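S.K.: 3D, please:
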Amino acid sequence: MMFAIFFTFWRFVQIVTLIPTMGMLAYFVNGYVQLNQLTPNYILVLFIVSVLALAWSVYTLFSYHRSSSNATFVAIIDLLFVGAFIGAVWSLRMIATADCTHITRGDSWDVSFGPFGSASGTTWGVDVNKTCAMLKACFAFGIMNCIFFFITSILACLHGDRASSGDRVTYYRETHSHRHGHRSSRSPHSRHSSHSHRRVYV
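M.R.: Numbering: from 1, shown residues only. From the prediction side, this is the model:
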């Protein structure tokens, strides 16, 4: 029960962070396609990994019963996505030190309050580079999903070990009961009863 709650929660968090990542990267890919230019690897790699990770997260979330029975396989795939996100984030590492906002100084202003005096100041403007900000957001979401997929991989691995140990206990009980029943069928009482039903001819 606890595995289901934690696993569903982290899968939902992954989907929430992967949808905007895929959308922003799709915006860049579409722009390069319209210009008949090749999409840079640092955008294309993270886009492909995000699409595959989103499809995997949605599939394992809505087919939970099948995922829980194959918990070890889910743990391995999630661990592979951790490595894929690390590689994608590494290819986009140059955006981490980029300055996406610029504060500019505007015009001065004066306000008179009559006999109460006056006030003056300067307006400031913030110029945000949209392309830089979107790539930096994708970079941050990629790092977050490295952590999220590692968490779900650990959860699935622990659930798989618990399920396999439970299967071994069940198999041991079934085998023990089967052997016990087989031995009881060969008890002396059964032999005696079989001999007592024999007919003797003189």
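S.K.: ok, now which ones touch Ile86?
M.R.: For Ile86, the contact set (C-beta atoms under 8 Å, 6 or more residues apart in numbering) comprises Cys146. Just so you know, the C-beta spots here come from the backbone N, C-alpha and C atoms, and that holds for glycine as well.
S.K.: please apply the same query to Arg11.
M.R.: Arg11 sits next to Ser57, Thr60, Leu61, Thr152 when contact means C-beta under 8 Å, 6+ apart.
S.K.: buried residues in the helix or strand harbouring Leu79?
M.R.: Using DSSP states H and E, Leu79 maps to helix 71-91. Judged by neighbour count using 16 or more other C-beta atoms under 10 Å, the buried positions of helix 71-91 are 71, 74-75, 77-79, 81-82, 84-85, 88-89, 91.
S.K.: return the member of the contacts of Arg11 nearest to Thr17.
M.R.: Among these, Ser57 lies closest to Thr17 (C-beta to C-beta), at 9.8 Å.
S.K.: quick one: neighbours of that closest one, just the number.
M.R.: 26 (other C-beta atoms under 10 Å).
S.K.: wait, it sits on Thr17?
M.R.: No: with contacts counted by C-beta atoms under 8 Å, Ser57 stays clear of Thr17, the gap being 9.8 Å.
S.K.: I'd like the buried residues of helix 71-91 as JSON lines, with pLDDT appended.
M.R.: Formatted as JSON lines, the buried residues of helix 71-91 follow (pLDDT from 0 to 100):
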{"residue": "Ala71", "pLDDT": "84"}
{"residue": "Val74", "pLDDT": "90"}
{"residue": "Ala75", "pLDDT": "91"}
{"residue": "Ile77", "pLDDT": "94"}
{"residue": "Asp78", "pLDDT": "95"}
{"residue": "Leu79", "pLDDT": "95"}
{"residue": "Phe81", "pLDDT": "97"}
{"residue": "Val82", "pLDDT": "96"}
{"residue": "Ala84", "pLDDT": "96"}
{"residue": "Phe85", "pLDDT": "97"}
{"residue": "Ala88", "pLDDT": "95"}
{"residue": "Val89", "pLDDT": "95"}
{"residue": "Ser91", "pLDDT": "94"}
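S.K.: and which of those residues is nearest to Asn41?
M.R.: Nearest member of these to Asn41, counting by C-beta to C-beta, is Ser91, at 5.9 Å.
S.K.: which residues touch the residue lying closest to the closest one once chain neighbours are set aside?
M.R.: Leaving aside its sequence neighbours, Ser91 sits nearest to Tyr42 (C-beta to C-beta, 6 or more residues apart in numbering; 4.4 Å). Listed by C-beta under 8 Å, 6+ apart, the contact set of Tyr42 reads Ser91, Leu92, Met94, Ile95.
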